[in-house]
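Trainee: Fold the following.
(chains A and B)
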Number of protein chains: 2
Amino acid sequence: MKTTDEVIDFVLYGGQRHLPHLTIDCAILGYHDQQLKILLVKLHGSDGWGLPGGFIRKDERFGDAANRILAERTGITDLFLQQFYTFGDSPYRHREQRAEDLQQLVGDWITIREDNWLLGRQISIGYYALVDYERVIVQTDLIVEDYGWWDIAALPELLYDHNDMVDKALETIRLQLYHQPIGASLLPDQFTLPEIHVLYETLLGKTLDRRNFPRKLFALGLLNKLDEQRSIGPHRSPNLYEFNRTNYQKALEEGIVLVM
Amino acid sequence: MKTTDEVIDFVLYGGQRHLPHLTIDCAILGYHDQQLKILLVKLHGSDGWGLPGGFIRKDERFGDAANRILAERTGITDLFLQQFYTFGDSPYRHREQRAEDLQQLVGDWITIREDNWLLGRQISIGYYALVDYERVIVQTDLIVEDYGWWDIAALPELLYDHNDMVDKALETIRLQLYHQPIGASLLPDQFTLPEIHVLYETLLGKTLDRRNFPRKLFALGLLNKLDEQRSIGPHRSPNLYEFNRTNYQKALEEGIVLVM
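Mentor: Predicted coordinates:
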């Protein structure tokens, strides 16, 4: 939770404590109830929605910075964030819009000068994470005015180049999904075959063969069949499964081809 | 080709024209005669081998910077370079070794101060390219003392964290290779099935099924069979093939699963 003094101090003098030119932006993808969503924030002073992001301290590791930034913007801690791409090929991306947004943020308190450290070239390292979004509660403060989970298939026009970032994050996740069983963090410990099937279909954005997909999971030894069923209605009690942790870990390390 | 004055000017004042803290390093992988190699350079003043790299100008696009750096270090131009990862999580990676190497480079001309811009935190954006290495001729100069193509399977201990960079580049290429027909730039226009088979085996570092692999290529419509054979000995004249450019382009854009 930031005070006004802290915000102004950061805008004026933050450049002495942070790496200039380098930011981190986080694509936090949430899966719940068969839907894939992304966490967006709206900053005070800005009309649009964007990814939660911030600057890296001079002596801070990337991974620590990504987790700190996410915690400061959203209150979310301890996510497994993975780097996916570095953006900012264009030297002064959206500089004018950033200048306007920054002046709006600080209002009448100060006048933003052209040489403010926040208006230099900005290069952003993108990180993503997959979470169960019901577990996430976001804190708003003097910087973050609002937040929301948006359907990935119906995003508005985001700030700056954040739509490109979301596209690239999805592309990376889909490519990884073919080779690593990264679904485990999105499923309960015990799940039915239709549940894992729908998860993969949702993440990949396409239909998977109803027979070949589970066959492949079994062939790779990724699932243990449990002696339990889930009762979901009269005469409907599909079997429950869990991941085989040994083979799951092996698949993570060696890579697999899970779906075609 | 750099003069002594240019080298000293860069060491002392280059920080005014370049982004501080940000470098680009290039993993240039060469394939020839069924071997996978990587281009390493040895800089004046340094005892070890490393990837060719350099700094980004303040108003320069990443892609342009990567190509300029590669051209300055090696004379190679017009490569299709792809970003693969950003390194430098650790705040002051190899700072002492970098300071020693830098003092060696400039010798008695100047004394490197602790606050020299080249000794700050360095974060490196990694780019890779795949080339036929017989086509590449490297220029040495006042900065680059020597260069060489090293067998990827028998690398020495490289400078700084460059071994990690090579590992990550290979990992990325292998993951992409499953989904994009990126082999085209490494084969002649016309090739035999054993030639493309060995290329993929070399890049992936594993054996591929002799029947399933070509079957998959045909099923995806990636190859056109030509009315020509290559004569490689008595009674040995394997058929020649070329990539079907339309399907190749489609596969690049949509992604495929090429091998399992």
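Trainee: And the strands in the stretch 101-250 of chain A, which stretches?
Mentor: Assigned by DSSP state E, counting those that start in this stretch, the stretch 101-250 of chain A shows strands spanning A:123-131, A:144-151, A:223-229, A:239-243.
Trainee: Distance check, the residue positioned nearest the centre of chain A against B:Asn163.
Mentor: Against the mean C-alpha coordinate of chain A, by C-alpha atoms, centre = their mean, the closest residue is A:Ile28 at 1.8 Å. Taken as C-beta to C-beta, to the nearest Å, the spacing of A:Ile28 relative to B:Asn163 amounts to 32 Å. Yep, even glycine has a C-beta here, placed from its N, CA and C like the rest.
Trainee: about what we covered before: helix or strand for the residue lying closest to the residue nearest to the centre of chain A once chain neighbours are set aside, which one?
Mentor: By the measure of C-beta to C-beta, 6 or more residues apart in numbering or on different chains, the closest residue to A:Ile28 outside its immediate chain neighbours is A:Leu39, 4.0 Å from it. Assigned by DSSP states H and E, A:Leu39 falls within strand A:35-43.
Trainee: who does that strand touch, helix- and strand-wise?
Mentor: Using 3 or more C-beta pairs under 8 Å, 6 or more residues apart in numbering or on different chains; DSSP states H and E, the elements in contact with strand A:35-43 are strand A:18-32, helix A:62-74, strand A:144-151, helix A:193-204.
Trainee: Can you tell me the number of residues neighbouring A:Trp149?
Mentor: A:Trp149: 19 surrounding residues under other C-beta atoms under 10 Å in any protein chain shown.
Trainee: Enumerate every residue touching it.
Mentor: A:Trp149 sits next to A:Gly30, A:Lys37, A:Ile38, A:Leu39, A:Leu40, A:Tyr133 when contact means C-beta atoms under 8 Å, 6 or more residues apart in numbering or on different chains.
Trainee: Look up how far A:Pro91 lies from A:Gln122.
Mentor: From A:Gln122 over to A:Pro91 (counting by C-beta to C-beta), the distance is 10 Å.
Trainee: who has more neighbours, the two?
Mentor: For the pair A:Gln122 and A:Pro91, the greater number of neighbours falls to A:Gln122 (22 against 19), based on other C-beta under 10 Å.
Trainee: quick one: A:Val131 and A:Cys26 touch, right?
Mentor: No: at 11.0 Å, A:Val131 does not count as touching A:Cys26 under the criterion of C-beta atoms under 8 Å.
Trainee: which of the two has more neighbours?
Mentor: It is A:Cys26, of A:Val131 and A:Cys26, that has more neighbours when counted by other C-beta under 10 Å, with 26 against 19.
Trainee: Show the contacting residues for the more buried one.
Mentor: When the contact criterion is C-beta under 8 Å, 6+ apart, the partners of A:Cys26 are A:Leu51, A:Pro52, A:Gly53, A:Ala66, A:Ile69, A:Leu70, A:Arg73, A:Leu81, A:Gly126, A:Tyr127, A:Tyr128, A:Ala129.
Trainee: Is any residue of the next helix-or-strand element following the strand holding A:Leu39 near chain B?
Mentor: Using DSSP H and E, the next helix or strand after strand A:35-43 towards the C-terminus is strand A:53-57. No: counting by C-beta under 8 Å from any C-beta of the partner chain, chain B has no neighbours in strand A:53-57; the shortest distance is 8.7 Å.
Trainee: what's in contact with strand A:53-57?
Mentor: Applying C-beta under 8 Å, 6+ apart, the set of residues contacting strand A:53-57 from outside is A:14, A:17-19, A:22-26, A:62, A:65, A:68-69, A:72-73, A:124.
Trainee: Around chain B, pick out the residues from chain A.
Mentor: If contact is defined as C-beta under 8 Å from any C-beta, the residues of chain A in contact with chain B are A:19-22, A:58-63, A:83, A:85-86, A:88-92, A:121, A:123, A:125, A:175-176, A:178-179, A:255, A:257, A:260.
Trainee: Try it again at 6 Å.
Mentor: Applying the criterion C-beta under 6 Å from any C-beta of the partner chain, the portion of chain A that neighbours chain B consists of A:Leu19, A:His21, A:Asp59, A:Arg61, A:Phe62, A:Thr86, A:Asp89, A:Pro91, A:Ile125, A:Val257, A:Met260.
Trainee: Could you identify the most distant pair in those?
Mentor: With C-beta to C-beta as the measure, no two of those lie farther apart than A:Asp59 and A:Met260, at 45.9 Å.
Trainee: A:Arg236 and A:Leu226, how far apart?
Mentor: Here the distance between A:Arg236 and A:Leu226 works out to 17 Å (C-beta to C-beta).
Trainee: of these two, who's got more company?
Mentor: A direct count of neighbours by other C-beta under 10 Å for A:Arg236 and A:Leu226 places A:Leu226 higher, at 13 against 9.
Trainee: Kindly provide the distance from that one to A:Asn239.
Mentor: If you measure A:Leu226 against A:Asn239 using C-beta to C-beta, the figure is 7 Å.
Trainee: Repeat that for A:Gln83.
Mentor: When distance is defined by C-beta to C-beta, A:Gln83 is 37 Å away from A:Asn239.
Trainee: what is the residue in the stretch 101-250 of chain A positioned nearest to chain B paired to in the beta sheet?
Mentor: At 5.5 Å from chain B, A:Ile125 is the closest residue in the stretch 101-250 of chain A, using C-beta to the nearest C-beta. Partner residues in beta bridges with A:Ile125, using DSSP bridges, are A:Ile24, A:Thr86.
Trainee: mind listing what it touches?
Mentor: By C-beta atoms under 6 Å, 6 or more residues apart in numbering or on different chains, the contact set of A:Ile125 is A:Ile24, A:Thr86, B:Thr86.
Trainee: I figured the last one hits A:Thr86, correct?
Mentor: Right, the one you point to is B:Thr86. Yes: with contact defined as C-beta atoms under 6 Å, B:Thr86 counts as touching A:Thr86 (4.5 Å).
Trainee: so what are the domain limits for chain A?
Mentor: Under the assignment named as automatic domain parsing, the residue ranges that make up the domains of chain A are A:4-162, A:182-254.
Trainee: Dump those to TSV, plus distance to B:Arg245.
Mentor: Written out in TSV, the entries for those read as follows (distance: least, C-beta to C-beta, whole Å):
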stretch	distance to B:Arg245
domain A:4-162	27
domain A:182-254	25
